[in-house]
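> pasting the sequence and the predicted model now:
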Amino acid sequence: MLRRLGWLIGLNNRGGQAKKLPDAKPHPPKVQPVVMLDTVQEIAIYIHRFHNLDLFQQGWYQLKLTVRWDNDEHTSVGTPARVMQYEAPNLGSDDGYGVWSIDDTDNSFATQPFRIKYARQDVLLSVMVAFDLPLTENEGPPSSAVILKFELLYAPVLENGSEFQASPDGCPAAVHEFRIPPKARLGLHSYCPVYFDAFHAVLVDVSVHISLLKAGSRKASMKVPSVPYTTTDDVAGESIDGSTQALDQVACTDLKQVMLVKALLDARDTLLVELQKLGNAINQAVDLTEFTSTMNDIKLFDSFLQANQVSADVSGQGKPQNGLERVNVRIDFRSDRLLQNFSKDDVMRMLNLSGDQVSYLWNTFLNFHRDNKTQILEFLRDAWAKDRRAEWSIWMVYSNVEMPHHYINGGFDESSHHIVRKRGSSLWKLTDDPAQIAAMRAELHRRSISQMRISNRSIQDLQILGDPSGIPIVIIERVMNAPRRTFSDNSYMRNLDIMGSTTSLTVLSSEAGKKLSSTSTAQNGRDLKIVVFVHGFQGHHLDLRLVRNQWLLMDSKIEFLMSEVNEEKTSGDFREMGLRLAHEVISFVKKKMDKASRSGCLRDIKLSFVGHSIGNIIIRTALAESVMEPYLRFLHTYVSLSGPHLGYLYSSNSLFNSGLWLLKKLKGTQCIHQLTLTDDPDIRNTFFYKLCKQKTLENFKHIILLSSPQDGYVPYHSARIESCRAASMDYSKKGKAFLEMLNDCLDQIRAPTTEHRVFIRCDVNFNTSSYGKNLNTFIGRAAHIEFLESDIFARFIMWSFPDLFQ
């Protein structure tokens, strides 16, 4: 057996000590330079498509990519090693300029400049760039993260139209960074969508593929410290300071080589598993005949066994086996016992052979990707969506609640007053304000996230994971089904059995979708999916563009209407605003139906609505109009962003209430009178009371109510359509009318026992630490507007419940 274990593990053999004369001075040992084999991190980035969602400016755009280490110790950056244009870009003569380029000053890669002319424009770039990121001399296995930086460069169109401005770079228009964790550097294949920011809403379809590869060899210099050699008085075994440091340096170098062997073997196994996984997923066989026949561990093990005549550590065995027995045994070259029996030359051979194996598999993958790029991208996108739902659940808290019964009653006589008073006092004794409880719950969850260490193999989006504690916390209540309310005293008890046998409203069942499709008149054809976005008080038709863009990312085939008919007209009567919206929606739906019918058979229509603030009241008013009745059967999903569905009764924000009083007195704003239920002396003749009687919610398949306990503009209970403490303790005519309004709304939301309806309440808790102390924060306006200026909460909800938005 070879006796060179000390060179590998850094130990000195003290089995026999030579006798030395007392005054003898040893000569410093001659340490020969060690041949080192380096590895390199190769990151192949495929840029498939640039999709313009909502860029504000037409002009020339270009993508710039750089790769670097994620720490200050590593100053080197990735170098573009190879570029492949695997398809010709779909650019006309006037829409493209020049070709891709590499900048040697910062080792960046830039795509071909392309011209953006209109929204939802697709540009197929179809280019792959591979960056080589060398490992430093002191790094063995992967221990540092890598940063991918995407920059969006913009240049305006000159007067002559098609010419490209000479220097589009300089300051980028937007930046999006991603982090590749150390665990992923041995092998990763992932979809990586690039969005940039709210003002540069695009989708760049990117896939990232990573592997550790063998690089060139070099000679490691062994510097012996220039200090005098001295003897020691150690009788058991004298040591020499200079030679010991030199030998330790050699041992450390060899240890690094051993660690690189293990890393390359891990990279090989990871790449092999991922190749087979991709092939099975897209139903395409990967040809690995040459690898399995000539590059396998059995033959590699035999060569070392014959050369050195050593007994190796075979998994599950302690003695050498003959060739027939070894065929079915997996050789683990990462075993320390096995590697310790190899000489330095053997380790170098291992590095070369394992590096060749990884290179072969890596090139096989690149060829396989070139032939099946579309199917691979679709598979990676689906896997990414599944992983993001799991990752984003960190900021989401789920709970199931039953449809409430405690404030449902049929009459208000003296005896019922006593019962309600007793029930209300016991219900609210644990808390004074549900909004405060919700805010405290979210804050505790936010603190736990700040102490959490997120560690996985997925590519990390730094827009979210860059500051995890600053991301909104979304508390989701999945409301369970309950029987429809009746005025019978025993109706609740009689329906307990029905409630127990009824499934949850939030079961996102594919069977419901199959049932709908089976009842459609046409078996073949396309679905026309329309989403209507309605702004709030004194709003703009583009206020909800961020939510719209997220919906488009979920389903690019939707047709959307950004309602404009009520711009600068939101101070009037809700009935007038609702009628204008109804006519606008009908005109839009008819136009899209005609267009869809001309292009083919129209199978089904799905009409969804998204409203912000009083835009939700305008939507419900429009649905109550008789002209909308033929379209009610097409209603699909309703998303309410902080909508005052029960008006401003029992609002606890005294400062905001004072502002409402001024608007009513000084400007006579009609919609404010209606919101506060003061538009008629008799509360049962007010607009809101009558609106709640209208069946404006029961035709929707899915209902999602978003609220925020930080929102001081809309009462918390009104946005969630639930009771509040003040209402439960109010036995006046107003309190009774409020309960009737509440019950009427819930009766519309309750699904019959034969039908499934998704009903979700979502509490969005924003990070208020970034707001500072200002008037908007003080009066509660900041969180109300944050629904329009942030899209992360919408991304979380939509990707968590994709069936509701498709």
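Received it, and whenever you're ready, just let me know what you need. Residues are numbered from 1 along each chain as shown.
> measure stretch 468-479 end to end?
End-to-end distance of stretch 468-479 (C-alpha to C-alpha, to the nearest Å): 28 Å.
> tell me which residues in it are buried?
Residues of stretch 468-479 classed as buried: Ile471, Pro472, Ile473, Val474, Ile475, Ile476, Glu477, Arg478, Val479 (neighbour count, 16 or more other C-beta atoms under 10 Å). Using the backbone N, CA and C atoms, a C-beta is placed for each residue, glycine as well.
> got CSV for those, with secondary structure and distance to Lys344 too?
Putting those into CSV (DSSP: H, G, I helix; E, B strand; the rest coil; distance: C-beta to C-beta, whole Å) gives the following:
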residue, secondary structure, distance to Lys344
Ile471, coil, 50
Pro472, coil, 56
Ile473, strand, 55
Val474, strand, 57
Ile475, strand, 60
Ile476, strand, 59
Glu477, strand, 64
Arg478, strand, 62
Val479, strand, 68
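> just put those residues in JSON lines and tack on pLDDT and distance to Leu188.
Output for the buried residues of stretch 468-479, formatted as JSON lines (pLDDT from 0 to 100; distance: C-beta to C-beta, whole Å):
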{"residue": "Ile471", "pLDDT": "90", "distance to Leu188": "24"}
{"residue": "Pro472", "pLDDT": "92", "distance to Leu188": "28"}
{"residue": "Ile473", "pLDDT": "92", "distance to Leu188": "29"}
{"residue": "Val474", "pLDDT": "94", "distance to Leu188": "28"}
{"residue": "Ile475", "pLDDT": "93", "distance to Leu188": "33"}
{"residue": "Ile476", "pLDDT": "93", "distance to Leu188": "31"}
{"residue": "Glu477", "pLDDT": "91", "distance to Leu188": "36"}
{"residue": "Arg478", "pLDDT": "89", "distance to Leu188": "34"}
{"residue": "Val479", "pLDDT": "86", "distance to Leu188": "40"}
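> so which of the residues you listed is the closest to Phe537?
Nearest to Phe537 among the buried residues of stretch 468-479 is Pro472, at 22.8 Å by C-beta to C-beta.
> quick one, what contacts the closest one?
Counting by C-beta atoms under 8 Å, 6 or more residues apart in numbering, Pro472 touches Trp395, Val764, Asn765, Phe766, Asn767, Ser790, Ile792, Phe793, Phe796.
> switch the cut-off to 6 Å
Val764, Phe766, Ile792, Phe793 (C-beta atoms under 6 Å, 6 or more residues apart in numbering).
> mind listing which of those residues are in helices?
Among the contacts of Pro472, DSSP state H puts Ile792, Phe793 in helices.
> quick one, which of the contacts of Pro472 are buried?
Members of those classed as buried by 16+ other C-beta under 10 Å are Val764, Phe766, Ile792, Phe793.
> redo the residues you listed as CSV? Include pLDDT.
Shown next, in CSV, are the buried ones among the contacts of Pro472 (pLDDT from 0 to 100):
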residue, pLDDT
Val764, 94
Phe766, 91
Ile792, 92
Phe793, 92
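> between those, which is closest to Asp387?
Ile792 (16.9 Å).
> in contact with the closest one, which residues?
Pro472.
> quick one: it from Pro181, how far?
21 Å (C-beta to C-beta, to the nearest Å).
> for Ala439, same thing?
33 Å.
> and Phe196, by the same measure?
Phe196 is 22 Å from Pro181, by C-beta to C-beta.
> same question, Ile376
Distance from Ile376 to Pro181, by C-beta to C-beta: 22 Å.
> swap in Ser393?
With distances taken as C-beta to C-beta, Ser393 is found 19 Å from Pro181.
> quick check, Tyr61 in a strand?
Yes. Judged by DSSP: H, G, I helix; E, B strand; the rest coil, Tyr61 forms part of a strand.
> next, the contact list for it, please.
Tyr61 makes contact with Ile116, Tyr154, according to C-beta under 6 Å, 6+ apart.
> would you mind measuring from it to Glu87?
To Glu87, Tyr61 is 19 Å away according to C-beta to C-beta.
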